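J.: below is the structure, and that's it, no one-letter string:
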């Protein structure tokens with residue numbers, strides 16, 4: 001007999017536990033329903049608060065978006081300027097490369113006649129060509145006028161008086177080398193000027 005009431009007591013405790021659980025579940029459901037079913041005044045207040053918050057957030061976000069767009073446009077202009085600078089640097093580099101090539105060609109053109117002149121065995125020829133390289137046409141022009149006054153080159157002179165370049169060609173083509181070297185050494189040609 002003593003075991004029977006314990007079984008019944010066990011049953012009652014189980015039932016009590018189940019009852020407590022069912023009442024707690026019902027209370028939770030009731031509290032959820034109470035939360036979802038707010039009175040209209042509270043719902044209006046919440047809606048007004050959320051609307052105000054969204055307006056403030058939208059205003060702040062629009063300012064942020066504008067500032068980001070300004071920064072992006074500034075970065076795009078900087079990128080364009082950097083591209084222009086790179087193009088200018090490339091053009092300057094190509095120009096310097098071409099200028100360096102031209103300088104090397106000019107140096108070669110200057111060295112070649114000097115090396116050619118230094119390789120001559122004939123001293124008189126070297127002196128004559130060195131005067132040509134140094135562009136001292138005035139002395140040769142004066143020498144030619146001296147020679148024409150002395151009636152040396154009358155057979156090579158045309159009826160028209162030639163230009164300075166023409167005189168120079170006449171000297172180079174017609175005068176014998178020995179006579180030219182004699183004239184180059186003479187100082188009397190300074191007297192005869194045109």
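T.: Nice, thanks for sending it over. These numbers come from a predicted model, not from an experiment.
J.: so is residue 38 in a helix, a strand, or just coil?
T.: coil (DSSP: H, G, I helix; E, B strand; the rest coil).
J.: next, count neighbours for the closest residue to it other than its chain neighbours.
T.: Of all residues not flanking residue 38 in the chain, residue 46 sits nearest, at 7.5 Å (C-beta to C-beta, 6 or more residues apart in numbering). In this view, the C-beta of every residue, glycine as well, is placed from N, C-alpha and C. Residue 46 has 11 neighbouring residues, counting by other C-beta atoms under 10 Å.
J.: quick one: list the elements packing against the helix or strand that residue 72 is a member of.
T.: Using DSSP states H and E, residue 72 sits in helix 40-119. Under the contact criterion of 3 or more C-beta pairs under 8 Å, 6 or more residues apart in numbering; DSSP states H and E, helix 40-119 touches helix 123-133.
J.: could you list the low-pLDDT ranges of the chain?
T.: 1-37, 112-194 (pLDDT under 70).
J.: quick check: domain ranges of it?
T.: Per automatic domain parsing, the structural domains of the chain span 1-37, 40-119, 123-190.
J.: now residue 39: phi and psi?
T.: Backbone torsions of residue 39, given as degrees, to the nearest 10, read phi -70, psi 150.
J.: who touches it in this structure?
T.: Not one residue lies near residue 39 by C-beta atoms under 8 Å, 6 or more residues apart in numbering.
J.: where's it relative to residue 50, distance?
T.: From residue 39 over to residue 50 the distance is 17 Å, taken as C-beta to C-beta, to the nearest Å.
J.: residue 61 too?
T.: Taking C-beta to C-beta, one finds residue 61 at 16 Å from residue 50.
J.: likewise residue 106?
T.: 82 Å.
J.: ok, now residue 89?
T.: Counting by C-beta to C-beta - residue 89 and residue 50 are separated by 56 Å.
J.: what about residue 89, how many neighbours?
T.: Residue 89, neighbours per other C-beta under 10 Å, totals 10.
J.: measure it to residue 100 for me?
T.: Following C-beta to C-beta, the distance that separates residue 89 from residue 100 is 16 Å.
J.: next one: residue 74
T.: 38 Å.
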